[in-house]
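Asker: Got a sequence here, can you build the structure:
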Amino acid sequence: MADQAPIEQLLEKIAQLREHCPWMGTLTHASLVEYLLEEAYEVVETIEEGHADAELQAELGDVLLQVVLHARLAQERGAFTFDDVARGLAAKMVRRNPHVFRPDGSLQDSFPATVAEIEQKWDAVKRAEKPHRVDPFEGIPQALPALARAQKSLDRAQRAGLGLPGGVPVPDSEEELGELLLGVVRSARDAGLDAERALRGAILRYQSDAAPS
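Answerer: Numbering: from 1, shown residues only. Here you go, the predicted structure:
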């Protein structure tokens, strides 16, 4: 075991737990979903609250555990392995970042100077990978919280050259913006309205009107 790489040790321990731990042995992709979401949110909280690096390390380990478990479940049914996940991700990084890598994975001789150039190349590669995708909003997870989904939708729309909905005066800081949003939610609550559901509906209407027919 001492000669094993850390990731190999982890994969071995998870395989042993799947075989010998009754609770771990009953896990499924579906039953793990709540844990994946919970661990991701805990990483966000650790970063936003400025916790110590040791805590961030531990929380990242918990997220990695979810990835390893899902890969192990897939391996047990002969679908794919953790190595397949890692290999596919590395290939995707090369494919999606031609401004940094040549097709063989070696570095380019020069690199773009602006984020706008990078986004253009990224979007071009994604379009080439999925030429059937004409809806710029396709692939945005429906399960995202409404605010995150709204921001993602507007980012996609802007990059696709679509019209954006009307805005309101922007506060000078995120703190002021937070107070404004909290006030909106309070008003919705007082009126017996569901702010999350209302924003989801607005997003759907916007996507339907803005997406090319």
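
Asker: Of all residues in this protein, which one is nearest the centre?
Answerer: Residue closest to the mean C-alpha point of the chain, counted by C-alpha atoms, centre = their mean, is residue 141 at 8.8 Å.

Asker: excluding its backbone neighbours, what's nearest it?
Answerer: residue 149 (7.5 Å; C-beta to C-beta, 6 or more residues apart in numbering). All C-beta spots, glycine's among them, are computed from the backbone N, C-alpha and C.

Asker: Is the one you found in contact with residue 202, as I believe?
Answerer: No: with contact defined as C-beta atoms under 8 Å, residue 149 does not reach residue 202; the gap is 10.4 Å.

Asker: which of the two has more neighbours?
Answerer: More crowded of residue 149 and residue 202, by other C-beta atoms under 10 Å: residue 149, with 20 against 13.

Asker: what about that one, which SS state?
Answerer: helix (DSSP: H, G, I helix; E, B strand; the rest coil).

Asker: hmm, back to that, pLDDT at the residue nearest to the centre of the chain, what is it?
Answerer: What the model reports as pLDDT for residue 141 is 88.

Asker: Same check on the one 10 residues further on?
Answerer: The score at residue 151 is 93. That number is its pLDDT.

Asker: and if you look at residue 213?
Answerer: 64.

Asker: Okay, domains of this structure per the record?
Answerer: The record, using automatic domain parsing to delimit domains, assigns the chain the ranges 6-93, 97-129, 146-210.
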